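J.: Output the structure for:
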Amino acid sequence: MKIINKNQLTSDLSNVLRRVEVEGEEVLVTDGDQPIITISPYKKSIPTSELFKNMRGKVKYFEDLTNPTTEEWQEI
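T.: Down below sits the predicted model:
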């Protein structure tokens, strides 16, 4: 992870963003010795339908899921 000062980021933002995009490198921006932000490449998340596609049709429900379940919980 590359570490740069916020002043460097201000003066060289285009190059820093290009480096993150092309090389996939994360950049930690600091103010003095204090970390402020991390700039990292965008990672597209997997849609839920794709994530659980192998489980489709394999889950079985033995009760009506719309019934309240308050009877199963003890009162505090």
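J.: any idea which helix is longest in the chain?
T.: Looking across the chain with DSSP state H, the single longest helix is helix 13-23.
J.: got the angle for whatever helix or strand Thr38 lives in vs helix 13-23?
T.: Using DSSP states H and E, Thr38 falls within strand 34-39. For strand 34-39 against helix 13-23, the angle by axes from the mean of the first three to the mean of the last three CA atoms, to 10 degrees is 60 degrees.
J.: Give the rounded mean pLDDT of the next helix or strand after strand 34-39.
T.: Along the chain past strand 34-39, the next helix or strand (assigned with DSSP H and E) turns out to be helix 48-51. Averaging pLDDT along helix 48-51 yields 88.
J.: Also stretch 5-24?
T.: In this model, stretch 5-24 has an average pLDDT of 93.
J.: Show me what it is in contact with.
T.: 2, 4, 25-27, 29-32, 36, 39-41 (CB atoms under 8 Å, 6 or more residues apart in numbering). Glycine gets a C-beta too; all of them are placed from N, C-alpha and C.
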